[in-house]
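K.L.:
I would like the atomic coordinates for the input below:
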Amino acid sequence: MTHVNVLDPGASPLDYYGFELRRYREAAGLTQRQLGEILNYTGSLVGQIETARKLPTPEFSQRADAALNTGGLLSRLVALVMRSQLPAWFQQVAELEVRAMEICTFQTHMVHGLLQTKEYVRAVLGVLDETNLDDRTAVRLARQCIFEKEEPPVFWMILSEAALHQQVGGPEVMRQQLAHLLSFESNPRINVQVLPFAAGAHAGLQGSFNIYRFPSDPTIVYTEGYGSGHPTANPDTVKDCSLRYDHLQAAALSLKDSAELIRRVMEDRYGEQLA
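P.N.:
Next up, the predicted model:
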């Protein structure tokens, strides 16, 4: 228990979360085991979270908030904890996602992280490196909480048809991923368009990119390489990529036709049609 006594709440968001969880638990007069029983988790897990050795989940945080009467503190903190666990080069991008009023993305070969399913995330992150895969998967999925905000961003994804055929994780994983994309059909804030093979040469041949727009701050364009990210507010780059995105949208299928193509690929390639 020595580590608990020297835990520095200023060391990181994870340490701060653990410090606050322990403070509220002790104020309630509960042992780690007792709190675990209330939350339907083990006392050992509670101890690991309190000592910053295990990542808390949103579900754990919600239960702990209710049990300890924290006023929602832990649920607010867990978003910061998850963001702090992202690769250092990507943390700035995650902050852009949180602040943006509109996100436009063009993806050449895989579904954007904000619309990935859990199993698809595991398949993507598990290539060449399966260490801490559960935690890394949870961290990526936590970014999707931006769609639960009172004012969520408008999200546009133009997805190359190639991404529908790239079998990430196997047929069942792909079937679930495509079904997930179709689940947004009636959501006007999350829009998926497919750029078909028939489009031929197009304005996005240089690769994937994201555009983040804000209520008052300058628009930012983001591109990515191996282990590095490149956000820029350079007006010329923003102008160029915005024009490219307009042309990609013009070449892409309509929202309705995109959904029909996704259904057809899901049925023909992955063996099941969504009712």
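K.L.:
Now do the contacts for residue 258.
P.N.:
Taking C-beta atoms under 8 Å, 6 or more residues apart in numbering as the criterion, residue 258 is in contact with 192, 193, 194, 252. Every C-beta, even on glycine, is put in place using the N, C-alpha and C of the backbone.
K.L.:
In those, which residue is surrounded by the most others?
P.N.:
residue 194 (26 neighbours; other C-beta atoms under 10 Å).
K.L.:
Check which helix or strand residue 141 maps to.
P.N.:
helix 133-142 (DSSP states H and E).
K.L.:
From the rest of the structure, what touches that helix?
P.N.:
55, 57-58, 78-79, 82-83, 85-86, 113, 116, 118, 121-122, 125-126.
K.L.:
try 7 Å
P.N.:
With C-beta atoms under 7 Å, 6 or more residues apart in numbering as the test, helix 133-142 has contacts from 55, 57-58, 79, 82, 85-86, 113, 118, 121-122, 125-126.
K.L.:
same check, this time on stretch 191-204
P.N.:
Contacts for stretch 191-204 (C-beta under 7 Å, 6+ apart): 106, 108, 155-161, 164, 181, 184, 244, 247-249, 251-253, 255, 258, 261-262.
K.L.:
List only those of those flagged as buried.
P.N.:
106, 108, 155-161, 164, 181, 184, 244, 248-249, 251-253, 255, 258, 261-262 (16 or more other C-beta atoms under 10 Å).
K.L.:
Show me these that map onto helices.
P.N.:
161, 164, 181, 244, 248, 249, 251, 255, 258, 261, 262 (DSSP state H).
K.L.:
Look up how far residue 10 lies from the residue nearest the centre of the chain.
P.N.:
Within the chain, one residue has its C-alpha closest to the average C-alpha position: by C-alpha atoms, centre = their mean, that is residue 143, at 3.4 Å. Counting by C-beta to C-beta, to the nearest Å, the separation of residue 143 from residue 10 is 25 Å.
K.L.:
Then residue 151?
P.N.:
Residue 151 is 31 Å from residue 10, by C-beta to C-beta.
K.L.:
before we move on, what about residue 96?
P.N.:
25 Å.
K.L.:
Mind checking which of the two has more residues around it?
P.N.:
residue 96 (17 against 7).
K.L.:
Strands along the stretch 51-200 of the chain, start to end?
P.N.:
Using DSSP state E, counting those that start in this stretch, the strands found in the stretch 51-200 of the chain span residues 102-107, 154-160, 190-195.
K.L.:
Sheet partners, orientation included, of the second one?
P.N.:
So the one you mean is strand 154-160. Strand 154-160 has these partner strands in its sheet, going by DSSP bridges: strand 102-107 (parallel), strand 190-195 (parallel).
K.L.:
Where do the helices of the stretch 1-150 of the chain begin and end?
P.N.:
Taking DSSP state H, counting those that start in this stretch to define them, one finds helices in the stretch 1-150 of the chain at 2-5, 13-27, 32-39, 43-50, 58-68, 73-84, 88-99, 118-125, 133-142.
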